[in-house]
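Colleague: Just to be clear, the model below is a prediction. Sequence and coordinates:
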Amino acid sequence: MRTRLGQPPGAGGVDARRGWRLPRRRRRAGPGTPCERKRPVSMQTVRHSEHTLKTALISKNPELVKQYEQLDPREQRLLNEAFRPGSDLFGPITLHSPSDWIISHPEAPQDFEEFFSDLHRKSPSSGKQTIYIQCIGLLGNTRSISEEYLKWLKGYCEAFFYGLTVKLLEPIPVSATRCSFRVNDSTRNLQIHAGQILTFLKKKKPEDAFCVVGITMIDLYPRDSWNFVFGQASLTEGVGIFSFARYGTDFHSSHFKGKVKKLERKSSSDYSVFDDYYLPEATSVLLLRSCKTLTHEIGHIFGLRHCQWLACLMQGSNHLEEADRRPLDLCPICLRKLQSAVGFRLRDRCKALVKWIDAESTDTPRVTPKHSREELVTLPKPVEAFKEWKEWITRCLAVLQK
């Protein structure tokens with residue numbers, strides 16, 4: 001099964017999310033662009049009864065109920081916050097616009113029992129317990145920043161999917177994929193073909209891979225008639241490609257340095273247009289959005305569908321504002337799904353996430369090649385945007401350590 005992701009996540013999701021088609025008479029912006037803002041409406045709240053949430057988490061199946069009762073009592077205490085009235089750890093989904101995902105893309109909710117019983121979902125198995133990350137192009141405006149950004153994402157995935165191995169494949173230029181590319185008529189920014197990159201990733205997938213996810217700071221498109229997609233995935237093949245390009249604050253600016261007035265190339269194999277292509281600054285907000293997108297999309301590869309129960313990383317999103325409202329972590333129902341697939345202890349996972357936030361730069365200052373304009377640098381991890389989330393995880397840890 002292949003999915004196209006036309007909105008930023010949980011960023012995005014294995015969402016049947018679509019990028020906007022381009023009608024002949026009028027071009028429509030992709031979700032999240034400045035001209036796509038909707039009229040403000042009064043905020044609505046999606047609330048479920050205590051009984052509904054409890055059933056979604058624990059199930060009525062005697063075997064699954066027994067499985068839940070065998071969890072550590074402290075883990076049960078945290079997960080039970082899903083249906084505890086007035087919980088200050090997990091709240092309901094809020095809707096701010098008619099364009100929000102749940103309103104515009106109705107889906108059947110997936111409870112734990114449905115997830116657990118799905119014979120087609122992918123789970124790590126003996127010999128296939130590694131998440132591979134393939135960087136395409138640079139992620140920062142210098143090689144040092146790009147390397148460090150990759151390591152930050154790797155460390156975050158190791159904590160989020162605690163217990164699995166995460167490895168970085170050697171970064172490659174766009175030319176290595178031999179994919180098609182173009183200049184977007186609306187943004188005037190370069191784009192690369194998502195579907196062709198998926199084909200490339202399938203051929204490169206290591207034998208011990210649970211999945212391979214490609215990441216890039218270059219915008220994506222799935223076919224000529226589409227404006228853009230944030231990502232695309234093949235769940236059956238365990239591969240995905242996701243772009244962080246539109247999470248930069250200046251992507252839609254008329255002053256964006258990556259804009260191309262005219263695409264001139266001698267042949268379809270001339271990738272020199274990507275040389276020294278502009279990249280956004282590696283800010284704390286960009287890192288937070290990238291972490292959200294990457295873990296949301298890998299969550300889909302595990303078989304987690306869009307969450308309809310509580311505020312959760314696995315909610316779908318139609319635009320950047322909606323994606324930014326979502327929390328960085330999972331609600332108890334989705335957390336139980338992931339725990340059953342991976343097998344981690346909740347306390348160990350929470351500690352790993354806090355440690356990732358607190359950890360300084362992954363490397364000591366380095367000396368760059370002589371031909372590079374880069375200087376000796378130390379790159380502190382920009383985690384200012386994660387401060388509120390760290391406080392939330394600390395409160396979860398307090399419940400787990402009682």
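Modeller: Thanks, I have it.

Colleague: where does the stretch 1-150 of the chain dip in pLDDT?
Modeller: Low-confidence segments of the stretch 1-150 of the chain, defined by pLDDT under 70: 1-41.

Colleague: now the strands: where do they sit in it?
Modeller: All strands of the stretch 1-150 of the chain, identified by DSSP state E, counting those that start in this stretch, fall at 2-5, 44-46, 93-95, 130-136.

Colleague: Just name the most buried of those.
Modeller: strand 2-5 (a mean of 23; mean count of other C-beta atoms under 10 Å). Bear in mind the C-beta positions are built from the backbone N, C-alpha and C, glycine included.

Colleague: rewinding a little: Throw the strands of the stretch 1-150 of the chain into a markdown table and include distance to residue 192, thanks.
Modeller: Below are those laid out as a markdown table (distance: least, C-beta to C-beta, whole Å):
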| stretch | distance to residue 192 |
| --- | --- |
| strand 2-5 | 14 |
| strand 44-46 | 36 |
| strand 93-95 | 34 |
| strand 130-136 | 8 |
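
Colleague: the helices in this protein, which residues?
Modeller: Under the criterion DSSP state H, the chain contains helices at 50-58, 62-69, 73-79, 101-104, 112-117, 143-160, 194-204, 284-301, 320-325, 332-342, 346-358, 387-400.

Colleague: Need those in a markdown table (columns: mean neighbour count and distance to residue 252).
Modeller: A markdown table is the format used below for these (neighbours: other C-beta atoms under 10 Å; distance: least, C-beta to C-beta, whole Å):
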| stretch | mean neighbour count | distance to residue 252 |
| --- | --- | --- |
| helix 50-58 | 18 | 38 |
| helix 62-69 | 13 | 46 |
| helix 73-79 | 17 | 40 |
| helix 101-104 | 18 | 21 |
| helix 112-117 | 18 | 37 |
| helix 143-160 | 20 | 22 |
| helix 194-204 | 19 | 20 |
| helix 284-301 | 24 | 15 |
| helix 320-325 | 21 | 10 |
| helix 332-342 | 24 | 31 |
| helix 346-358 | 18 | 30 |
| helix 387-400 | 15 | 26 |
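
Colleague: In JSON lines: those, plus distance to residue 238.
Modeller: Below are the helices of the chain laid out as JSON lines (distance: least, C-beta to C-beta, whole Å):
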{"stretch": "helix 50-58", "distance to residue 238": "27"}
{"stretch": "helix 62-69", "distance to residue 238": "26"}
{"stretch": "helix 73-79", "distance to residue 238": "28"}
{"stretch": "helix 101-104", "distance to residue 238": "24"}
{"stretch": "helix 112-117", "distance to residue 238": "17"}
{"stretch": "helix 143-160", "distance to residue 238": "15"}
{"stretch": "helix 194-204", "distance to residue 238": "9"}
{"stretch": "helix 284-301", "distance to residue 238": "6"}
{"stretch": "helix 320-325", "distance to residue 238": "24"}
{"stretch": "helix 332-342", "distance to residue 238": "13"}
{"stretch": "helix 346-358", "distance to residue 238": "22"}
{"stretch": "helix 387-400", "distance to residue 238": "28"}
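
Colleague: low pLDDT regions in the stretch 151-300 of the chain?
Modeller: 254-256, 261-268.

Colleague: What segments of it are strands?
Modeller: Assigned by DSSP E, counting those that start in this stretch, the strands in the stretch 151-300 of the chain fall at 165-168, 181-183, 190-193, 209-216, 219-221, 231-234, 239-243.

Colleague: Tabulate those strands (JSON lines), appending mean neighbour count and distance to residue 354.
Modeller: Putting the strands of the stretch 151-300 of the chain into JSON lines (neighbours: other C-beta under 10 Å; distance: least, C-beta to C-beta, whole Å) gives the following:
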{"stretch": "strand 165-168", "mean neighbour count": "16", "distance to residue 354": "18"}
{"stretch": "strand 181-183", "mean neighbour count": "18", "distance to residue 354": "40"}
{"stretch": "strand 190-193", "mean neighbour count": "22", "distance to residue 354": "36"}
{"stretch": "strand 209-216", "mean neighbour count": "24", "distance to residue 354": "24"}
{"stretch": "strand 219-221", "mean neighbour count": "26", "distance to residue 354": "33"}
{"stretch": "strand 231-234", "mean neighbour count": "28", "distance to residue 354": "28"}
{"stretch": "strand 239-243", "mean neighbour count": "28", "distance to residue 354": "25"}
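
Colleague: and those strands as a markdown table, adding distance to residue 397?
Modeller: Putting those into a markdown table (distance: least, C-beta to C-beta, whole Å) gives the following:
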| stretch | distance to residue 397 |
| --- | --- |
| strand 165-168 | 22 |
| strand 181-183 | 46 |
| strand 190-193 | 41 |
| strand 209-216 | 27 |
| strand 219-221 | 37 |
| strand 231-234 | 32 |
| strand 239-243 | 29 |
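
Colleague: nearest to residue 128, of the ones you listed?
Modeller: Residue 128 lies closest to strand 209-216 among the strands of the stretch 151-300 of the chain, at 5.1 Å (C-beta to C-beta).

Colleague: tell me which strands and helices that closest one is in contact with?
Modeller: Applying 3 or more C-beta pairs under 8 Å, 6 or more residues apart in numbering; DSSP states H and E, we find strand 209-216 packed against strand 130-136, helix 194-204, strand 239-243, helix 284-301.

Colleague: want to throw the ones you listed into CSV with distance to residue 215?
Modeller: Shown next, in CSV, are those (distance: least, C-beta to C-beta, whole Å):
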stretch, distance to residue 215
strand 130-136, 6
helix 194-204, 11
strand 239-243, 6
helix 284-301, 7
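
Colleague: how about the ones you listed, which one is nearest residue 63?
Modeller: helix 284-301 (24.3 Å).

Colleague: returning to that earlier point: nearest to residue 177, of the helices of the chain?
Modeller: Among those, the nearest to residue 177 by C-beta to C-beta is helix 194-204 (4.5 Å).

Colleague: Show me what that closest one is packed up against.
Modeller: Using 3+ C-beta pairs under 8 Å, 6+ apart, helix 194-204 is in contact with strand 2-5, strand 130-136, strand 209-216, strand 219-221, strand 231-234, strand 239-243.

Colleague: can I get these in JSON lines with distance to residue 307?
Modeller: Formatted as JSON lines, these follow (distance: least, C-beta to C-beta, whole Å):
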{"stretch": "strand 2-5", "distance to residue 307": "16"}
{"stretch": "strand 130-136", "distance to residue 307": "21"}
{"stretch": "strand 209-216", "distance to residue 307": "20"}
{"stretch": "strand 219-221", "distance to residue 307": "24"}
{"stretch": "strand 231-234", "distance to residue 307": "17"}
{"stretch": "strand 239-243", "distance to residue 307": "19"}
